[in-house]
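>>> Here's my sequence, what's the structure:
(chains A and B)
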Amino acid sequence: MSQSIHDIPTLINQYIATSSPSDDTSDDASSVFIAELVNLITSDEITLLQFISSLGKTLTSDTDMIRSKAISCLSRVFADLPINKLSRQDVGVMVDFMVVKLDDKLSLTYVLQALNSLVKMNNFNSIDKVLKSLLDSYSPKKNLAKIRYETFLILGGLLESKGQYISTHTELADLYVKAFVHIASGEKDPRNLINSFSLNTKINSLFTFDANNNLHQQLIDDLFDVCFCYFPITFTPPPNDPYKITSNDLKSALRETIASQSLFATDAIANLIEKLTSTNPAIRNDVLTTLNLCVQTYAPETVDQHWVTIWNAVKFEVLHNTNELPVSASKTIIPQDYEAIDDNDDIKAVVLTLVIVRNLLERATDPQSMLEMILHELTQNLTTITNKTKLAAIILGVMAETSLDRFNYIVEQLFSHSVWGKYLNVEQTEANEEQEEEEDIVLNIERQGQLVDNLEYIFLAYYTLAPEQPTKLSQYKDHILIFLGQLLKSNVDTSLPKKVIAQFVNMIGMANFLTTQELELIMNHFQQILLNESTSETVVDACVSGLIGPLSEPRITKLAIELIITPLLATLDDTSEIVEVETRLAVIGKLCVNYAILEVISIKSLARLSSFNNLDLAHEDKIKLFHVVIDTLIKLINQVTERHQFLTDSWYGHFVPPFLNNIFKLLGEDTRDYALIESSSRLVGLIIRYIEKSKHQAVLNDFIEVFTTEKSSKIKLEGNLIGQPSGYIVMFNKIVASIDKECQFENLNVITESMVGIVKSVNNEYLRIQYLEGISLLVNKFTTDVTSLVDMSLTDPISYEIYIWILKGLILKLDPVGLDKLQQLVNQFTSGSSGITPKSFRVLFIDIDIFTETTSKHISGVRNLNVRLLYKQRIFQIVVPELLPHVDNHNCLVALALIIENVSTSILIRYLSTLGPVIMACVNETTNAVVLKSGLSMINVVLEEDDTILDPYVTQLVPVLLQIATTKIVSGKKRINDESIRVLALRNLTILFKKGHGDKTQALNQLRLCLDDKKRSVRKLAIDLCQSLYELK
Amino acid sequence: MEEPINANPTILSLAQLPKRQETGSPFSTTLSANHKLISNALKLSLLEEEDEYSEEDIDSDEEEDPIDPQEIFDLISTISDPEHPLTLGQLAVVNLNDIEINTSKYLTEVVIRITPTITHCSLATLIGLGIKVRLIRSLPGKFRVKLLIKEGSHQSESQVNKQLNDKERVAAACENEQLIEVISRMLATCV
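Now for the predicted structure:
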């Protein structure tokens, strides 16, 4: 051991010399010496006595600073010593020493810190001495917040280590409370207040007070005053607040303190109620929240004592309310997240009051008498229906949801003849029958509506309770059903039926309430509403949207199919008016929430299609009807899949063949109704994608047979696609596109060859393109050996076209050979090879639906597309950099325009900086609408992303754009700047002017020409632009 | 701030204002659906030049959307009231039914009857001037705008009518910078 370590006086002197006057003791140099001292004492190398005597002179030094540092040294050593180190006598002596020093102003912090360490020690037993001296020799008002903080720590420490002991010794407890009240009085510092409230709360939970003891009465009063004087507490944290105390922390700490002592009740409740008269909503909500906490935590007998007072004080919050309760998605009267309602929202006080009423009832020892009294008081609001009835019904609803017994009691009272029963035709009980019925029980429509609305609160209480046994409400359900049913029939305006429907819907959703017959009754009501042609649209809407919720429950689904869906579908039979069919299907469609309903609709629609086919109607009208039905089915399949996925395996058997046969029958072999083929193909494709993956090979084989052979099967198509050109190629393409990509295609080469043959021979341009798409699709999905396919012929335009489409199929899957060929194509194009038209690039870049329509993550497991993610970006990178240097070449410019027309802005953004010259070349190209349009869309992208690129061109650009927007540019016989181009030009001008470019006066003059434009959209944009120019002027 | 002349006007919500109805059910035009499909497909043809097949040739002279009362209503209903933070449409100062368009060979006359929110509204002339400026700025040159106070909706109907349709007075008012500033503020909500 080195000498210096044992040299205690040196250590002490070093400490005194190094310790900073600041209170931050964590990392100054002096910590080292304290640690050494603590170490020495802990390891018994020196005794406490030796340490004290070394400190001796400094402890009593006349120099304030030295003395305070000596005490600081002592206190920090105590703080770090193990709590079992010092003997009982040591602790006693030190406490004695410290309490004497309480009047030493400069050392006070350290004295208090030392005491705090000492009270936590195992051998500490001078509780009364510490408390008394705090009471006598310490005055909180003379000290700073930081010092006062220490006293809260001492009391806190005491309660923590000796709380049990103190609480069992009444005198000590009394003394403790006195000391607490002493140090807590007049406190203003938020950190100390948090401690004060928390100590107060702890005292209330730990100590017992005798209400008959005068001293205790006084102490309770003091404890109450020392907290309640802050209510309602408001606090705005200063910037850079080191303690991170929020106004809410203080509020809730104070609230808990007030609610922690039942003996506060008389004072607290009276004072709180007085504060309820405040006009500040935040304060009132604070009062109500605190009252609620009191109701929840005070002893039941205390609650019993005060509930009448509380009820009388808060009831007007509800009864005088004129606002609507927030609509709750969870079918509860009190919204679950009611605490989150903004303080400034008037409804918050109402909701808080309802919470209080509910808790009062739950905490009371005799809830029944409370219930009776409240009910008695509210009866006058209930017996005659007024605006107040609703508010009373809300209170009843909240009380009813607390227990089944209370629910039954309230229902019984509420539906008795004297209250609501008379309106609902509930029979009088015999005892009352004698009384003369004087009052007028006929309600006007407004009152009827209110009564209907008020039923909801009882229903909501039912939802909350979710009883498994029949309740008293069941006794009245017939009355309610009849009452509502009658109102529905006597409809004058639309608001009453809507209210009735809402309550019917509520009743449908109530568990264990309605029997199947009663549900049928309601469904019949709905059926009548929906079938009655004179029902107003809003009522139909209310009915349909109300039904959607409960409809997904199997029992309701079954009833609804029988009583609503089927009758509605049956109405389709009476009409072949297109608009009528369309509206009826739209209503049915909204109700289609699950697979069961969809299936019924699909079967009925199919039957209707074949009956349309047999009707004596114009071909054109039949086509339209088919369109309506098919589009609805597509929409409904998507609508149901969004909610719940299902497989269409069974549809393949029972829906697809008759459906297709109907289409074939209607359209015949040599049809030109391509739009209907397109729609029906979309439907079949959709169904196929929802067929389980394992069945796809069989499906594909079936369809290859149907479309490419003359063999007859369930699907009867006359002729085939590969023998002669046919419009059904579209359907074949869509079906093949929807088949899983892992399937094998039989006879691929033969079929491809035949299709190539048709492309070469067909006269119909549309069909040729469809066959080309088909070839492209087959190459993309099924061809494995590609080398034989890719031989470019520039001599024969048709072969060249076929080549381009094959290339498209390949680059979609980023086939290496395909990418090679693409590179070659671009090179030849830029070097000016004749035969390669710029339009080839549109074919390569355009999205067509056989390569885009897919169904993500479906349970069928089908992956139908063989298209690589980001393929377009890849081919863009191959083609565009080659074309960019050749913008002055007309063909290259057209090619670029065609590519840009078909890529998303996200790809374009990466090439922004090179687009400047391209854009200028495009907008000056006044003979080609596509080029012009591409140029304008590029300007739009550039302006949105980074307009500095256009800076060098702005002076030329603005006049050109004005020219495009205002004049008629004609090339050949055709107008180049059509509506969309003029609109784009005006949009770009708007952005440019907003960014401060261009000459406003000149623009205003020129734009006047636009005011006479034939197209409304152009006029509108021009007028808006003028208006903003006037403002900028 | 001065007490507004009419502190509690009746207000229509935006949804209640008349809007242009979308015309044409998609099924009334199966033919055009076919047409569209075909022309979309033909865009991909490499064999023919675009101009030759283009059937748009026929209607290269575009179909005209005539200026109708709804369009006039849309132009002026968004003007702000000088004393409420609401538009003239919301306050029902201008109504679709009170807009009339009379077309003759050379000139088209737009007659608008405005309904002041109260019969002694001293701002009626200001509102009228605002509407006038908006329409002069927005309508083609052959349009003439005639503004009238709806019969029986204002105490000094004829005076206001006279003032609003006096070209000289309107021109003079537009010279007044302060007045134009107020009107610009009213028109600022029109975009």
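
>>> can you list the residues of the stretch 801-950 of chain A near chain B?
A:801, A:804, A:837, A:839-840, A:842-843, A:846, A:930 (C-beta under 8 Å from any C-beta of the partner chain). Where you see a C-beta, it was placed from the backbone N, CA and C, and this is true even at glycine.

>>> So which of the residues you listed belong to helices?
Counting by DSSP state H, those place A:801, A:804, A:839-840, A:842-843, A:930 in helices.

>>> Out of these, the closest to chain B would be?
Nearest to chain B among these is A:Glu801, at 4.6 Å by C-beta to the nearest C-beta.

>>> ok, that closest one to B:Leu44 distance?
Counting by C-beta to C-beta, to the nearest Å, the gap from A:Glu801 to B:Leu44 is 9 Å.

>>> anything in contact with each of these two?
A:Leu772 (C-beta atoms under 8 Å, 6 or more residues apart in numbering or on different chains).

>>> out of everything not next to it in sequence, what's closest to the residue nearest the centre of chain B?
Closest residue to the average C-alpha location of chain B: B:Ile72 at 2.1 Å, with C-alpha atoms, centre = their mean. Excluding its sequence neighbours, the residue lying closest to B:Ile72 (C-beta to C-beta, 6 or more residues apart in numbering or on different chains) is B:Ile99, at 5.1 Å.

>>> and what of B:Val170?
Counting by C-beta to C-beta, 6+ apart, the residue nearest B:Val170 is B:Lys132, at 6.0 Å.

>>> before we move on, which element is that neighbour in?
helix B:124-138 (DSSP states H and E).

>>> Same check on B:Arg144?
Going by DSSP H and E, B:Arg144 is part of strand B:143-149.

>>> A:Leu767 too?
helix A:765-781.

>>> low-confidence ranges in chain B?
Residues of chain B meeting the criterion pLDDT under 70: B:1-9, B:21-31, B:48-61.

>>> Quick check: can you list the domain ranges of it?
Listed domain ranges for chain B are B:30-57, B:66-190 (source: automatic domain parsing).

>>> OK, contacts around residue 78?
By default, I'm working from chain A. A:94, A:114, A:117-118.

>>> please go with chain B instead
Residues in contact with B:Thr78 (C-beta under 8 Å, 6+ apart) are B:87-89, B:189-190.

>>> Try it again at 10 Å.
A:1027, B:17, B:87-90, B:94, B:134, B:186-191 (C-beta atoms under 10 Å, 6 or more residues apart in numbering or on different chains).

>>> cool, and A:Glu599?
By C-beta under 10 Å, 6+ apart, A:Glu599 lies in contact with A:561, A:592, A:640, A:646, A:648, A:650-651, A:654-655.

>>> Restricted to buried residues, select those in ChimeraX.
A single ChimeraX command selects the buried members of the contacts of A:Glu599 (16 or more other C-beta atoms under 10 Å in any protein chain shown):
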select /A:561,592,640,646,648,651,655
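
>>> Kindly tell me how buried the residue of the stretch 351-500 of chain A found nearest chain B is, as a neighbour count.
Taking C-beta to the nearest C-beta as the measure, the stretch 351-500 of chain A has A:Thr494 as its residue closest to chain B, at 16.1 Å. Counted with other C-beta atoms under 10 Å in any protein chain shown, the neighbours of A:Thr494 add up to 15.

>>> Does it touch A:Ser534 like I think?
No. Contact between A:Thr494 and A:Ser534 fails when scored by C-beta atoms under 10 Å: they sit 11.7 Å apart.

>>> picking that back up, let me know whether the residue nearest to B:Val170 touches B:Val145 as I believe.
Yes. Using C-beta under 10 Å, B:Lys132 makes contact with B:Val145 at a distance of 6.0 Å.

>>> what angle separates the strand holding B:Arg144 from helix B:124-138?
170 degrees (axes from the mean of the first three to the mean of the last three C-alpha atoms, to 10 degrees).

>>> Tell me the buried residues in strand B:143-149?
B:143, B:145, B:147-149.

>>> Convert the C-alpha atoms of the helix holding A:Leu767 to PDB, please.
Taking Å, rounded to 0.1, in the frame of the first residue of the first chain, the C-alpha atoms of helix A:765-781 are listed here in PDB:
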ATOM      1  CA  GLU A 765     -56.000  -5.100 -90.400                       C
ATOM      2  CA  TYR A 766     -57.500  -5.500 -87.000                       C
ATOM      3  CA  LEU A 767     -57.400  -9.200 -87.200                       C
ATOM      4  CA  ARG A 768     -53.800  -9.200 -88.500                       C
ATOM      5  CA  ILE A 769     -52.700  -7.200 -85.400                       C
ATOM      6  CA  GLN A 770     -54.500  -9.700 -83.100                       C
ATOM      7  CA  TYR A 771     -52.900 -12.600 -84.800                       C
ATOM      8  CA  LEU A 772     -49.500 -10.900 -84.400                       C
ATOM      9  CA  GLU A 773     -50.200 -10.400 -80.700                       C
ATOM     10  CA  GLY A 774     -51.000 -14.100 -80.500                       C
ATOM     11  CA  ILE A 775     -47.700 -15.000 -82.100                       C
ATOM     12  CA  SER A 776     -45.900 -12.700 -79.800                       C
ATOM     13  CA  LEU A 777     -47.600 -14.300 -76.800                       C
ATOM     14  CA  LEU A 778     -46.900 -17.800 -77.800                       C
ATOM     15  CA  VAL A 779     -43.200 -17.000 -78.400                       C
ATOM     16  CA  ASN A 780     -43.100 -15.200 -75.000                       C
ATOM     17  CA  LYS A 781     -44.700 -18.000 -73.000                       C
END
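
>>> Any part of it near chain B?
Yes. Helix A:765-781 comes into contact with chain B (C-beta under 10 Å from any C-beta of the partner chain), by way of A:765-770, A:772-773.

>>> mind listing what's buried in that helix?
By 16+ other C-beta under 10 Å, the buried positions in helix A:765-781 come out as A:765-781.

>>> Then stretch A:569-580?
Neighbour counts over stretch A:569-580 (16+ other C-beta under 10 Å) mark A:569, A:571-572, A:576, A:578 as buried.

>>> All set now, cheers.
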